[in-house]
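Asker: structural data only, the sequence is not supplied:
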Ligand code: FAD
């Protein structure tokens with residue numbers, strides 16, 4: 001398949017890209033790694049009369065840890081660079097662990113963090129991870145920028161809270177704290193396939209072994225990447241015993257998830273996966289959190 005004809009521009013600065021996006025109107029689209037956009041154009045699932053190639057906008061490609069310990073990632077940073085970064089392994093190990101499940105290395109070499117998040121595919125790992133991490137996103141248009149919490153960014157399948165003319169420019173992940181634990185679990189038919197269901201768990205325990213915060217982000221368990229507030233409420237303020245974890249996993253699968261039925265899996269199977277994977281992820285996340293408090 002070939003895409004319909006489009007014009008192509010290659011800006012070399014963010015200001016130039018934003019101007020071109022503003023002037024291009026509704027049918028102008030930013031091109032990042034092209035790993036989702038190009039196939040969608042080829043299959044005529046997306047429309048664009050102007051592609052604005054962000055690959056020459058160097059200022060969107062960065063990764064560093066701030067003085068306060070938060071991780072800052074430019075939207076055009078390649079998924080593989082984030083996966084292999086020692087800063088990410090230290091500051092946001094959940095992100096590093098989950099990235100190993102995104103497609104294949106060849107695709108991660110080209111695909112960007114910002115492209116995956118702006119694409120807002122409910123079957124993608126990164127939106128669920130950003131929800132669990134409590135990340136926030138900086139978006140910018142010709143008239144300025146604003147921050148959007150991850151919990152307000154994904155509002156429908158393939159729909160992100162970007163206004164026309166806005167680009168996602170930066171992702172901020174809060175600092176890891178002592179007593180934090182994390183784990184990512186998913187089931188896919190083959191390595192590199194999109195997950196049937198996945199779960200990202202980020203938890204914290206205090207010195208007495210009580211859970212002080214818990215966030216669970218889900219892949220393919222609803223129409224968008226989603227959180228599990230009922231499950232989190234069962235965990236917070238309690239010791240994470242096997243019984244408590246099993247109760248939270250049941251609540252996640254029954255009350256928090258609204259999985260689709262499609263050719264890949266039924267709703268019932270996805271609910272079952274959500275329960276089992278939540279339990280596994282919480283077991284590993286709380287074990288890591290406990291290690292942090294060991295003398
Ligand atoms: P692009 O494809 O260039 O863009 C995606 C969309 O985001 C477009 O609408 C584009 O206009 C918009 N966009 C891009 N950057 C910005 C920005 N800065 N601001 C605003 N809008 C922007 N992904 C998974 O998560 N899990 C998988 O298992 C998985 N498997 C895959 C398997 C295959 C065979 C392929 C080809 C892809 C797979 N992907 C998977 C998708 C991959 O992760 C893509 O890299 C990602 O979804 C999009 O990133 P990109 O940089 O390629 O963005």
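Answerer: Looks like it arrived, so ask away. Since the model is a prediction, treat every value here as computed from it, not as a measurement.
Asker: so who does residue 211 touch?
Answerer: 203, 204, 205, 235, 236, 237, 238, 239, 240, 286 (CB atoms under 8 Å, 6 or more residues apart in numbering). All C-beta atoms are positioned from the backbone trio N, CA, C, and that covers glycine.
Asker: quick check, pLDDT for it.
Answerer: Note for residue 211: predicted pLDDT of 98.
Asker: that one - nearest residue in space that isn't next to it in sequence?
Answerer: Closest residue in space to residue 211, ignoring its immediate chain neighbours: residue 235 at 4.7 Å, by CB to CB, 6 or more residues apart in numbering.
Asker: with residue 203 as the reference, measure out to that neighbour.
Answerer: Going from residue 235 to residue 203 by CB to CB, to the nearest Å gives 7 Å.
Asker: what sits in contact with each of the two?
Answerer: 211, 214, 282.
Asker: nearest to residue 1, of those residues?
Answerer: residue 282 (42.7 Å; CB to CB).
Asker: leaving out chain neighbours, which residue sits closest to that closest one?
Answerer: residue 245 (4.6 Å).
Asker: show me the contacts for that neighbour.
Answerer: Contacts of residue 245 (CB under 8 Å, 6+ apart): 235, 279, 282, 283, 286.
Asker: for the residues you listed, pick the one with the most neighbours.
Answerer: Among the contacts of residue 245, the one with the most neighbours (other CB atoms under 10 Å) is residue 282, at 29 neighbours.
Asker: could you pull up phi and psi at that residue?
Answerer: Main-chain dihedrals, residue 282, degrees, to the nearest 10: phi -70, psi -40.
Asker: now for the contacts of residue 211, which pair is the farthest apart?
Answerer: 237 and 286 (14.2 Å).
Asker: looks like the residue nearest to residue 211 contacts residue 214 (just checking).
Answerer: Yes. Contact status for residue 235 versus residue 214: in contact at 4.2 Å, counting by CB atoms under 8 Å.
Asker: need the residues touching each of those two.
Answerer: With CB under 8 Å, 6+ apart as the test, residue 235 and residue 214 both reach 203, 248, 282.
Asker: measure the last one to the ligand for me?
Answerer: Using CB to the nearest ligand atom, to the nearest Å, one gets 22 Å for the distance from residue 282 to the ligand.
Asker: so who does that residue touch?
Answerer: 183, 201, 203, 214, 216, 235, 240, 245, 248, 249.
Asker: redo those residues as CSV? Include pLDDT.
Answerer: Formatted as CSV, those follow (pLDDT from 0 to 100):
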residue, pLDDT
183, 98
201, 98
203, 98
214, 98
216, 98
235, 98
240, 98
245, 98
248, 98
249, 98
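Asker: from the residues you listed, which land in strands?
Answerer: Those of the contacts of residue 282 mapping onto strands are 183, 201, 203, 214, 216, per DSSP state E.
Asker: so how far is residue 125 from the nearest residue to the first one once chain neighbours are set aside?
Answerer: Spelled out, it's residue 183. Nearest residue to residue 183, sequence neighbours excluded (CB to CB, 6+ apart): residue 284, at 3.7 Å. Distance of residue 284 to residue 125, given as CB to CB: 16 Å.
Asker: which strands and helices sit next to the helix or strand containing residue 132?
Answerer: According to DSSP states H and E, residue 132 maps onto helix 125-133. When contacts are defined as 3 or more CB pairs under 8 Å, 6 or more residues apart in numbering; DSSP states H and E, helix 125-133 packs onto helix 93-99, helix 113-119, strand 167-173, strand 180-187, strand 197-205, strand 211-219, strand 226-227.
Asker: pLDDT (mean, whole number) over that helix?
Answerer: Rounded mean pLDDT across helix 125-133 is 98.
Asker: for it, buried residues please.
Answerer: For helix 125-133, burial by neighbour count (16 or more other CB atoms under 10 Å) applies to 125, 126, 127, 128, 129, 130, 131, 132, 133.
Asker: residue 144: which of the residues you listed is nearest?
Answerer: residue 130 (22.7 Å).
Asker: ok now stretch 149-164, how far from the chain's centre?
Answerer: The chain centre lies 12 Å from the centre of stretch 149-164; the measure is CA atoms, centre = their mean, to the nearest Å.
Asker: contacts for it, please.
Answerer: 25-26, 117-122, 127, 130-131, 133-137, 139, 141, 148, 168, 223-225, 227.
Asker: how about the residues of the stretch 151-295 of the chain near the ligand?
Answerer: 162, 167, 168, 194 (CB under 6 Å from any ligand atom).
Asker: just the buried residues from the residues you listed, in ChimeraX please.
Answerer: One line in ChimeraX is enough to select the buried ones among these; burial here means 16+ other CB under 10 Å:
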select :162,167,168,194
